[in-house]
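K.L.:
pasting the sequence and the predicted model now:
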Amino acid sequence: MKGFSALTEKPWLATPDSAIAYDASGGTPLAQIALRFLLMVISIAFVLIFVTFLTRSQYPDFQALAGEPWLPFNQSPRLWATTAVLVAASAAMHWAWHSVKSQKPDGVMLGISVGGFLALVFIMAQWTTWNYLANLGYGVSDNPANSYFYLFTGLHALHLFGGVLAVVRVFIRIGQGCSIDQVAVAVKACTTYWHYLLALWLVLFFLLTRTPEAYALLAAACGLG
Amino acid sequence: MTHIAIADQEPELHHPRTFIGKYIWSQDHKVIAIQYACTAIFVGLVALMLSVVMRLQLGFPDQFDFINPNMYLQFVTMHGMIMVIYLLTALLLGGFGNYLIPLMVGTRDMVFPYLNMLSFWFYFLSVLVLLASFFAPGGPTGAGWTLYPPQSILEGTPGSGWGIVLMLASLAIFIIAFTMGGLNYVSTILQARTRGMTLMRMPLTIWGIFTATILGLFAFPALLVSAIMMLFDSVLGTSFFMPAIVSLGEATDYEGGSPILFQHLFWFFGHPEVYIVALPAFGMVSDVLSVHARKNIFGYRMMVWAIVIIGGLSFVVWAHHMYVSGMNPYFGFFFATTTLIIAVPTAIKVYNWVLTLWQGNIHLTVPMLFAIGFIFTFTHGGLSGLFLGNVVIDLPLSDTFFVVAHFHMVMGVSPIMVLFAAIYHWFPLVTGKQLNTRLGMIHFWGTFLGTYAIYLPMHYIGFLGVPRRYYALGDTSFIPDSAHALNANITIAVIIVALFQLIFIINLFWTIKREPKSRINPWDAASLEWHTPDVPPRHGNWGKELPTVHRWAYDYSVPGVVNDFIPQHVPDSDVTYEPGYDRTATGREST
């Protein structure tokens, strides 16, 4: 309603200055505002690929990567392991943010170090998964399901790598003597980003390891069947 | 609610001292804006040259031998893409957005100056990559600006190797640049407005830029996704969009992809893109009209709502570009309906511009002439859009010159008229000098009348069924000789209009070199950007203290007030009323 009342203001009327509120504290940190928009942008990109994926999954040449015993992701311990790594990375970043709130510099350093390191481990694990798939004969152009797997996981890894660069910057700032309060907004933004990428990975994991029947159901539910 | 603590960052501003720091790796929004503008105008002139060469081929196919059919398609593609993305989007948002946002909302700079600098250099890189395709083996892509697969990456199309890869890479880099800039614009407008600058006191220019930026942030991902997926198809041999197909007599390895998926993705970006260009233009023209008619903008609130509603609706009309793709008739009905609905807020804006002029104290300055010219060209372009928005009329007109004439009027000529209005209007702020009026008048009349000489007959030959994207029409029975004669006339008009643009370029240099300093705020504008302590504004914009805003940006010819405008930062206590004037009689006093 706040937004609505702002849009119904009558600016041509003389309004006493005292009637106009302003927030001297600065309100929501800028990095948070920008991050929210960035996450919306990333979400839109992935949702659009989801839509094409579900549409493409209903074409006759699409061969899902799960659903039969011989398919690579019918059982997916490899992906569960990488998921565990990303969960741990997210938890470490959360610990860093928790340490910011409780003013524990060592905890912040430990949290972002472990979070960043585990994110790199996750990216390396994705790399080994791509090699594993390629060695099994599931190359990027052999089937649209494979193409989407490489596309989705590649883009996700790229975004995570961008996050690692942001963490490295925070790390350097702390090393240069910045106080916890000075890096608090950045740590909060990194933590939000890590949680977001974990959630995105869980959606991707779910989507990429479904059977053809599940895709048919999902596509029908989205009106794409 | 405004956040003055964020807006007032004077102690944190880093004032560069070296030439490179000031003008190359600058983080000052004004320098970045000029960098954007110069790059965009340069690349726009390249695109203009391409169109002249294309028109020479079309108008006089037997007389000139500049280009072959492949080059014609390549020039068509590059002309379209450069004009839409690298000129209009970049100049309106990167150029004017950067320059005007901090000054109009009363802040010292963008909230992320470093990111802002990166935004420009990524844009610059994207332009270099795009232009590099002219020198790549096979030349630039000739797939048309829509880059439709499968033809865009099949061998029969010019530039299907390096050309399309460089185009897609350039677009991806541009989108990264836009996202960095866009996050800055949105954050600055939402969080860094000065004291008293409520959302509804912002000039319509800022509303247009703000909404267009949000559209861009939400629509460009569709282009990015389609560019990445097509790069996969082109380079890695995947079949996202590529169907099983025989090319040049040989079966390809592609199988099962859907070109229609690409079309949906492309137009999910492509239609909002029209408004990414149009909304900032709507905002700027509103401000120019109001200032030069010495009258407040008519229906300010409705103008804001119309901008927001147009922005929202622009996401549900994309498939009207795809009526001939074989879509379900019910889809066609839906998209035709939404397309016609979007005409309502757009018409409100046109009426309000006209009503702003009604009984105004109209000053026929050069910016005002361009702004009024825009109302004509935009209305005409919009009217032909009503035809094309209807499925049954669109089908026979699709892929004819009627479509070319329509979109050039509505999103080529019209935004460019506003760009010229804006350049003539804000040039004294940027440089401290007013562009030469005589040269400006010549430029306006040549451009305005010239564009009608180009596009009115183009509608007609489109009605006759003359197809677009053809290198030469040849002797075809359904195209009468009169159409060939009109084609030649159009080409002559294009050359004349192009020459008139040289007058504008000459005017820029002439003014900078020869014209004396103009007085500060030569148009007597009320909005904040004209009231900085220094003109042109210095780094940090506002000196020691940020201004406080006491009113909207449209207090012109206020009844009972001695001056014919009241600047936004002037409090009521400093306004001089005529003796004996009853202030409560106007209804302006809030209750």
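P.N.:
The structure has been received and is ready for your questions. Numbering: from 1, shown residues only, chains lettered A, B, ... in the order given.
K.L.:
how about the backbone phi and psi for the residue of the stretch 401-550 of chain B found nearest chain A?
P.N.:
Per CB to the nearest CB, B:His550 is where the stretch 401-550 of chain B lies closest to chain A, at 6.4 Å. Where you see a C-beta, it was placed from the backbone N, CA and C, and this is true even at glycine. Torsion angles at B:His550 (phi, psi; degrees, to the nearest 10) stand at phi -120, psi 0.
K.L.:
wait, it touches B:Val570, no?
P.N.:
Yes: at 6.4 Å, B:His550 counts as touching B:Val570 under the criterion of CB atoms under 8 Å.
K.L.:
okay, these two: which has more neighbours?
P.N.:
Ranked by neighbour count (other CB atoms under 10 Å in any protein chain shown), B:His550 and B:Val570 place B:His550 first, with 24 against 19.
K.L.:
which ones are touching the more buried one?
P.N.:
A:Asp17, B:Gly196, B:Gln568, B:His569, B:Val570, B:Pro571, B:Asp572 (CB atoms under 8 Å, 6 or more residues apart in numbering or on different chains).
K.L.:
out of those, who's the most crowded?
P.N.:
B:Gln568 (28 neighbours).
K.L.:
how much space between that residue and A:Leu13?
P.N.:
Plainly put, B:Gln568 is 15 Å away from A:Leu13 if you go by CB to CB, to the nearest Å.
K.L.:
where does the spatially closest residue to B:Ala37 that is not a sequence neighbour fall, phi/psi-wise?
P.N.:
Closest residue to B:Ala37 apart from its sequence neighbours, by CB to CB, 6 or more residues apart in numbering or on different chains: B:Gly95 at 3.8 Å. With angles defined as degrees, to the nearest 10, B:Gly95 sits at phi -80, psi -70.
K.L.:
then B:Glu250?
P.N.:
Per degrees, to the nearest 10, the backbone of B:Glu250 is at phi -120, psi 140.
K.L.:
what's the answer for A:Thr129, then?
P.N.:
Torsion angles, degrees, to the nearest 10, at A:Thr129: phi -70, psi -40.
K.L.:
three-state assignment of the closest residue to B:Val105 other than its chain neighbours?
P.N.:
Leaving out its chain neighbours, the residue that sits closest to B:Val105 by CB to CB, 6+ apart is B:Arg193, at 4.4 Å. Of the three states, B:Arg193 takes coil according to DSSP: H, G, I helix; E, B strand; the rest coil.
K.L.:
which residue comes closest to B:Val418 once chain neighbours are left out?
P.N.:
Nearest in space to B:Val418, with sequence neighbours left out and distances taken as CB to CB, 6+ apart, is B:Ala281 at 3.9 Å.
K.L.:
in chain B, where is pLDDT below threshold?
P.N.:
When residues are selected by pLDDT under 70, those of chain B lie in B:1-14, B:584-591.
K.L.:
residue boundaries of the strands in it?
P.N.:
According to DSSP state E, chain B carries its strands in the segments B:246-247, B:250-251.
K.L.:
next, give phi and psi for the closest residue to chain A within the stretch 451-591 of chain B.
P.N.:
The nearest approach of the stretch 451-591 of chain B to chain A comes at B:Trp552, 3.8 Å away (CB to the nearest CB). B:Trp552 has phi and psi values of phi -80, psi -180 when expressed as degrees, to the nearest 10.
K.L.:
now for it: which residues touch it?
P.N.:
A:Pro11, A:Trp12, B:Met200, B:Arg201, B:Asn296, B:Tyr300, B:Gln568.
K.L.:
highest neighbour count among these?
P.N.:
Neighbour counts for the contacts of B:Trp552 peak at B:Gln568, which has 28 neighbours (criterion: other CB under 10 Å).
K.L.:
center of chain A, which residue is that?
P.N.:
Centrality entry for chain A: nearest residue to the mean C-alpha point is A:Leu197, 1.9 Å, by CA atoms, centre = their mean.
K.L.:
the closest residue to it other than its chain neighbours: neighbour count?
P.N.:
If the residues on either side of it in the chain are set aside, A:Leu197 comes closest to A:Leu160, at 5.5 Å by CB to CB, 6+ apart. Counted with other CB under 10 Å, residues neighbouring A:Leu160 total 23.
K.L.:
report pLDDT for A:Leu160.
P.N.:
Looking at A:Leu160, its pLDDT reads 98.
K.L.:
elements contacting the helix or strand encompassing it?
P.N.:
In this assignment (DSSP states H and E), A:Leu160 forms part of helix A:144-175. Using 3 or more CB pairs under 8 Å, 6 or more residues apart in numbering or on different chains; DSSP states H and E, the elements in contact with helix A:144-175 are helix A:30-57, helix A:105-135, helix A:180-208, helix B:204-231.
K.L.:
got the angle between that helix and helix A:30-57?
P.N.:
170 degrees (axes from the mean of the first three to the mean of the last three CA atoms, to 10 degrees).
K.L.:
got the buried residues for helix A:144-175?
P.N.:
By 16 or more other CB atoms under 10 Å in any protein chain shown, the buried positions in helix A:144-175 come out as A:144-157, A:159-160, A:163-164, A:166-167, A:170-171, A:174.
K.L.:
ok, now stretch B:299-306?
P.N.:
Going by 16+ other CB under 10 Å, stretch B:299-306 has these buried residues: B:Gly299, B:Tyr300, B:Met302, B:Met303, B:Val304, B:Trp305, B:Ala306.
K.L.:
pull the number of nearby residues for the nearest residue to B:Gly450 once chain neighbours are set aside.
P.N.:
Nearest non-adjacent residue to B:Gly450, counting by CB to CB, 6+ apart: B:Val497, 3.6 Å away. Neighbours of B:Val497 under the rule other CB under 10 Å: 21.
K.L.:
buried residues in stretch B:550-570?
P.N.:
By neighbour count with 16+ other CB under 10 Å, stretch B:550-570 contains the buried residues B:550-556, B:558, B:560-561, B:565-570.
K.L.:
and for stretch B:528-545?
P.N.:
Quick answer for stretch B:528-545 (16+ other CB under 10 Å): B:Leu528, B:Glu529, B:Trp530, B:His531, B:Thr532, B:Val535, B:Pro537, B:His539, B:Gly540, B:Asn541, B:Trp542.
K.L.:
repeat for stretch A:30-38
P.N.:
Quick answer for stretch A:30-38 (16+ other CB under 10 Å): A:Leu30, A:Ala31, A:Gln32, A:Ile33, A:Ala34, A:Leu35, A:Arg36, A:Phe37, A:Leu38.
K.L.:
got the contact list for the fifth one?
P.N.:
By that I understand A:Ala34. Shown in contact with A:Ala34 (CB under 8 Å, 6+ apart): B:Val111, B:Phe112, B:Leu183, B:Asn184, B:Val186, B:Ser187.
K.L.:
just the residues you listed: which are in helices?
P.N.:
Using DSSP state H, the members of the contacts of A:Ala34 that fall in helices are B:Leu183, B:Asn184, B:Val186, B:Ser187.
K.L.:
now do the contacts for the second one.
P.N.:
Right, the one you point to is B:Asn184. Counted by CB under 8 Å, 6+ apart, B:Asn184 has contacts A:Ala34, B:Met110, B:Val111, B:Phe112, B:Leu115, B:Asn116, B:Ser119.
K.L.:
rewinding a little: quick check, the residue nearest to A:Leu197 in contact with A:Val121.
P.N.:
No: the criterion here is CB under 8 Å, and A:Leu160 misses it with A:Val121 at 10.7 Å.
K.L.:
and the lowest-mean-pLDDT helix or strand in chain A, what other elements does it pack with?
P.N.:
Here the helix or strand of chain A ranked lowest by mean pLDDT, DSSP states H and E is helix A:2-7, holding a mean of 76. Under the contact criterion of 3+ CB pairs under 8 Å, 6+ apart, helix A:2-7 touches helix B:300-313.
K.L.:
distance check, B:Thr188 against B:Gly385.
P.N.:
Computed as CB to CB, the B:Thr188 to B:Gly385 distance reads 33 Å.
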